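**Student:** give me a model of this one.
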Amino acid sequence: MTGTESSVAIGRADAGSWWSRSAPLLVGVIATVVCAWNSGRPSFWYDEAATVSAINRSVPDMTALLSRIDVVHGGYYMLMHGWWRLTGHWGGFGGSEFAMRLPSAVAVGIAAALVVCIGRTLVALRFGVLAGALLVCLPRVLWAGSEARPYAGSMALAAAATWLVLLAVRRGGWWWVSYAVLATACTVWFLPSGTLVAAHLLYVLLTTRRRNRLYGMLIAAVMVAAAVLPFAMFAHRQVAQIAWLSPFSTQTVVAYLQFEYVDGAPVAGVLILLLLLGIAVIALLGTVGRIDRRALTLGLAWVAVPAVVILGYSWLGSPTYVPRYLSFTAPGMALVIAVAVRVIARQFTRPGAVRAIWLPAVAVLALGVAAVPAFVAQRSVYGKVGGTDFSQVADFVGRHARPGDCVAFERTASWSPVSERVVKQAKPRDFRNVRDIGPSTPAARAHVLWDLDRPETDYAAWARTCSVMWVVTDGERATGSVFRPGGSPPWYFKPFHFENTVLYRELAGDGLTIVGRIGFHRSQVVRMTR
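**Tutor:** Residues are numbered from 1 along each chain as shown. Modelled structure (predicted):
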């Protein structure tokens with residue numbers, strides 16, 4: 001019996017067992033629980049505030065917004081708009097950090113379940129479970145599963161499209177159409193994930209000799225390209241929205257190596273590197289089995305092709321890469337690591353030996369333990385990018401302000417691309433009982449993500465009607481600093497004193513006096529009364 005025939009036989013035997021039917025669901029549920037655990041604790045950050053701002057408006061207003069910016073996230077925004085409306089009827093749950101991030105945890109669970117299916121199709125069920133478990137140990141995946149952004153969804157869609165391409169290679173016919181439809185949806189969900197089609201094409205070319213299968217893949221790829229091209233052209237018109245990305249440099253490559261899969265967990269990176277070096281040595285010795293080569297080919301193509309395309313475009317075209325954009329390649333890395341674990345275990349144990357069964361479990365445990373520092377940091381109070389504190393500031397105002405109190409927002413902060421009003425846009429419910437002068441133009445009316453601010457001088461006349469003023473402003477800093485979070489461009493924190501600002505002079509000139517203040521990680525709330 002050949003390796004391929006053996007794989008098919010194993011797959012058929014597995015398919016009839018309860019464990020085979022339940023294993024993907026079980027791994028998916030565990031992945032969802034792990035990602036959702038304590039995910040409501042960290043503050044929202046800018047990108048998540050952008051999600052709240054986009055979905056907290058009518059569908060026509062969302063459509064108008066997407067015509068100007070963030071069309072690449074349009075599918076996610078539409079889905080989250082429905083989730084926002086649904087959870088809005090569930091008291092404090094709707095709009096909370098946990099509620100907004102829960103869909104991403106579910107998406108990671110779906111991705112993990114599909115990785116089990118992919119591994120079972122390529123090798124055997126045990127291999128699929130190993131790959132699914134390893135996926136959940138990657139810090140990038142743990143981050144995506146606790147982020148109110150579309151990256152976990154792109155991971156799930158990428159895994160689904162990959163499973164379909166394997167089924168299409170095996171069964172042909174209308175499976176190619178199903179694959180083309182899902183690959184199109186994956187690309188429209190998040191445009192960079194369209195590079196996965198090239199990875200699938202490379203995999204089929206390297207592993208399939210039947211011409212009808214090659215032609216099927218080529219036709220499907222053309223169908224996807226034709227369907228996506230108008231959307232891609234329209235999205236490219238909004239490329240200015242990522243103008244904040246740094247030009248390509250050696251730092252870009254370092255960011256890929258350091259943050260793409262093991263952000264915040266260097267020990268996990270070392271373990272993965274050792275496993276990959278191990279399989280590289282074994283491959284050079286020519287002892288990697290055929291079935292493992294197919295899994296390895298798919299995993300490497302899944303990881304390498306999108307990275308080469310995105311990094312290459314960032315180098316030769318315009319900057320496009322930050323580590324979170326390639327989150328959809330994480331399942332491919334899980335497959336590669338699973339192959340490495342399986343091959344290394346095979347080299348050091350006899351076939352069927354007990355250790356051959358337990359060594360993969362040890363590898364999962366080791367990688368999981370190595371990921372713990374990143375997991376804990378991601379779920380700390382200020383665990384999001386840049387250590388933002390929007391949620392804590394909003395919750396403080398919501399708890400302490402009394403109905404009729406006023407609130408003011410600092411217009412500028414050295415580290416912020418928008419005003420401190422972003423705090424209210426991230427958690428609008430915390431400001432329902434306080435009076436706000438309002439923006440010069442609301443974001444929904446201007447069809448942008450952020451409210452357009454008034455000049456600080458507008459506050460003077462309005463503040464005369466306020467007995468208590470809560471001012472959301474930058475934190476006090478005697479010295480400046482620079483912070484580069486997770487491979488993103490640097491944030492600059494310049495010295496700041498509230499009493500030196502125009503806003504303070506306007507409010508104090510109208511008779512308001514500081515009676516208290518509380519500092520958070522990046523911001524502060526100042527209480528002023530008459």
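**Student:** show me where the stretch 301-450 of the chain has helices.
**Tutor:** Secondary structure of the stretch 301-450 of the chain, counting by DSSP state H, counting those that start in this stretch: helices at 330-348, 354-378, 390-400, 422-426, 443-446.
**Student:** buried deepest among these, which one?
**Tutor:** The highest average neighbour count among the helices of the stretch 301-450 of the chain, using mean count of other Cβ atoms under 10 Å, belongs to helix 422-426 at a mean of 27. Every C-beta, even on glycine, is put in place using the N, C-alpha and C of the backbone.
**Student:** which residues touch that one?
**Tutor:** Residues outside helix 422-426 that contact it (Cβ atoms under 8 Å, 6 or more residues apart in numbering): 44, 46, 48-49, 52-53, 56, 390-391, 393-394, 407, 409, 416, 430-431, 436, 443, 450-451, 472, 523.
**Student:** so how far is that helix off the chain centroid?
**Tutor:** Chain-centre distance of helix 422-426: 20 Å, with Cα atoms, centre = their mean, to the nearest Å.
**Student:** what's the mean pLDDT across that helix?
**Tutor:** Per-region confidence: helix 422-426 scores 96 on mean pLDDT.
**Student:** for the protein, give me the ranges with low pLDDT.
**Tutor:** 1-16, 286-291, 348-357 (pLDDT under 70).
**Student:** let me see the domain layout of it.
**Tutor:** Following automatic domain parsing, the chain resolves into domains at 3-378, 389-529.
**Student:** among the ones you listed, show me which one is buried the most.
**Tutor:** Comparing those by mean neighbour count (mean count of other Cβ under 10 Å), domain 3-378 ranks first with a mean of 19.
**Student:** quick revisit: of all the helices of the stretch 301-450 of the chain, which one is nearest Q241?
**Tutor:** Shortest distance between Q241 and the helices of the stretch 301-450 of the chain, using Cβ to Cβ, is found for helix 443-446: 14.5 Å.
**Student:** let me know the next secondary structure element after that closest one.
**Tutor:** helix 459-463 (DSSP states H and E).
**Student:** quick check, S53 in a strand?
**Tutor:** No: assigned with DSSP: H, G, I helix; E, B strand; the rest coil, S53 falls outside any strand and is helix.
**Student:** which residues does it contact?
**Tutor:** 425-426, 443, 449-450.
**Student:** of these, which is the nearest to A183?
**Tutor:** Taking Cβ to Cβ as the measure, A183 lies nearest L449 of the contacts of S53, at 28.8 Å.
**Student:** hang on, the closest one packs against N56?
**Tutor:** No: using Cβ atoms under 8 Å, L449 makes no contact with N56, being 10.9 Å away.
**Student:** thinking again about what came up before, including distance to R101, could the contacts of S53 go into CSV?
**Tutor:** Compiled in CSV, the contacts of S53 are given as follows (distance: Cβ to Cβ, whole Å):
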residue, distance to R101
Q425, 17
A426, 13
A443, 22
L449, 19
W450, 21
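**Student:** what would the helices of the stretch 301-450 of the chain look like in CSV with distance to T162?
**Tutor:** Below are the helices of the stretch 301-450 of the chain laid out as CSV (distance: least, Cβ to Cβ, whole Å):
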stretch, distance to T162
helix 330-348, 7
helix 354-378, 21
helix 390-400, 35
helix 422-426, 34
helix 443-446, 37
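**Student:** to A111, which of those lies closest?
**Tutor:** Short answer: helix 330-348, nearest of the helices of the stretch 301-450 of the chain by Cβ to Cβ, at 6.0 Å.
**Student:** on contacts alone, who are the packing partners of that closest one?
**Tutor:** Here helix 330-348 is seen to pack against helix 97-122, helix 125-136, helix 139-144, helix 151-171, helix 266-284, helix 290-316, helix 354-378 when contacts are counted using 3 or more Cβ pairs under 8 Å, 6 or more residues apart in numbering; DSSP states H and E.
**Student:** again, only using 7 Å
**Tutor:** Judged by 3 or more Cβ pairs under 7 Å, 6 or more residues apart in numbering; DSSP states H and E, the packing partners of helix 330-348 are helix 97-122, helix 125-136, helix 151-171, helix 266-284, helix 290-316, helix 354-378.
**Student:** neighbouring contacts of it?
**Tutor:** Helix 330-348 has contacts (Cβ atoms under 7 Å, 6 or more residues apart in numbering) with 111, 115, 119, 127, 130-131, 134-135, 138, 140-141, 155, 158-159, 261, 272, 275-276, 278-279, 282, 288, 292, 295-296, 298-300, 302-303, 356, 359-360, 363.
**Student:** now it, how far from the chain's geometric center?
**Tutor:** Remark: helix 330-348 is offset 24 Å from the chain centroid, using Cα atoms, centre = their mean.
**Student:** which one of the contacts of S53 is nearest W175?
**Tutor:** Taking Cβ to Cβ as the measure, L449 is the one of the contacts of S53 closest to W175, at 39.7 Å.
**Student:** ok, that closest one - contacts?
**Tutor:** 50, 53-54, 69, 443.
**Student:** let's see 6 Å
**Tutor:** Residues near L449 by Cβ atoms under 6 Å, 6 or more residues apart in numbering: 50, 53, 443.
**Student:** hmm, back to that, a markdown table for the helices and strands packed on helix 330-348, including distance to E456?
**Tutor:** Below are the helices and strands packed on helix 330-348 laid out as a markdown table (distance: least, Cβ to Cβ, whole Å):
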| stretch | distance to E456 |
| --- | --- |
| helix 97-122 | 30 |
| helix 125-136 | 48 |
| helix 151-171 | 37 |
| helix 266-284 | 44 |
| helix 290-316 | 38 |
| helix 354-378 | 36 |
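**Student:** of all the helices of the stretch 301-450 of the chain, which one comes closest to T63?
**Tutor:** Closest to T63 of the helices of the stretch 301-450 of the chain is helix 443-446 (Cβ to Cβ; 11.6 Å).
**Student:** dump that closest one to CSV, restricted to CA.
**Tutor:** Taking Å, rounded to 0.1, in the frame of the first residue of the first chain, the C-alpha atoms of helix 443-446 are listed here in CSV:
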residue,chain,number,x,y,z
ALA,A,443,-18.0,60.8,12.7
ALA,A,444,-21.2,59.2,11.3
ARG,A,445,-22.2,62.4,9.6
ALA,A,446,-18.7,63.1,8.2
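**Student:** got the contact list for that helix?
**Tutor:** Under the contact criterion Cβ under 6 Å, 6+ apart, helix 443-446 has outside partners 53, 57, 61, 449-452.
**Student:** I'd say G511 and M528 touch.
**Tutor:** No: between G511 and M528 there is no contact under Cβ atoms under 6 Å: 9.5 Å.
**Student:** to I518, which of the helices and strands packed on helix 330-348 lies closest?
**Tutor:** With Cβ to Cβ as the measure, helix 97-122 is the member of these nearest I518 (20.1 Å).
**Student:** who does the closest one touch, helix- and strand-wise?
**Tutor:** Helices and strands touching helix 97-122, by 3 or more Cβ pairs under 6 Å, 6 or more residues apart in numbering; DSSP states H and E, are helix 18-36, helix 125-136, helix 151-171, helix 330-348.
**Student:** so how far is the longest one from its chain's centroid?
**Tutor:** Same thing as helix 151-171. Distance of helix 151-171 from its chain centroid, counting by Cα atoms, centre = their mean, is 18 Å.
**Student:** and the angle from it to helix 125-136?
**Tutor:** Here helix 151-171 runs at an angle of 160 degrees relative to helix 125-136 (axes from the mean of the first three to the mean of the last three Cα atoms, to 10 degrees).
**Student:** just the CA trace of helix 151-171, in PDB.
**Tutor:** The C-alpha trace of helix 151-171 is given here as PDB (Å, rounded to 0.1, in the frame of the first residue of the first chain):
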ATOM      1  CA  TYR A 151      -7.800  38.800  11.900                       C
ATOM      2  CA  ALA A 152      -9.200  35.800  13.700                       C
ATOM      3  CA  GLY A 153     -12.000  35.600  11.100                       C
ATOM      4  CA  SER A 154      -9.400  35.700   8.300                       C
ATOM      5  CA  MET A 155      -7.700  32.800  10.000                       C
ATOM      6  CA  ALA A 156     -10.900  30.800  10.100                       C
ATOM      7  CA  LEU A 157     -11.700  31.500   6.400                       C
ATOM      8  CA  ALA A 158      -8.200  30.700   5.400                       C
ATOM      9  CA  ALA A 159      -8.400  27.300   7.100                       C
ATOM     10  CA  ALA A 160     -11.800  26.600   5.500                       C
ATOM     11  CA  ALA A 161     -10.500  27.500   2.000                       C
ATOM     12  CA  THR A 162      -7.400  25.300   2.600                       C
ATOM     13  CA  TRP A 163      -9.600  22.300   3.600                       C
ATOM     14  CA  LEU A 164     -11.700  22.800   0.600                       C
ATOM     15  CA  VAL A 165      -8.800  22.900  -1.800                       C
ATOM     16  CA  LEU A 166      -7.700  19.500  -0.300                       C
ATOM     17  CA  LEU A 167     -11.200  18.100  -0.900                       C
ATOM     18  CA  ALA A 168     -11.200  19.500  -4.400                       C
ATOM     19  CA  VAL A 169      -7.900  17.900  -5.200                       C
ATOM     20  CA  ARG A 170      -9.300  14.600  -4.000                       C
ATOM     21  CA  ARG A 171     -12.800  14.800  -5.500                       C
END
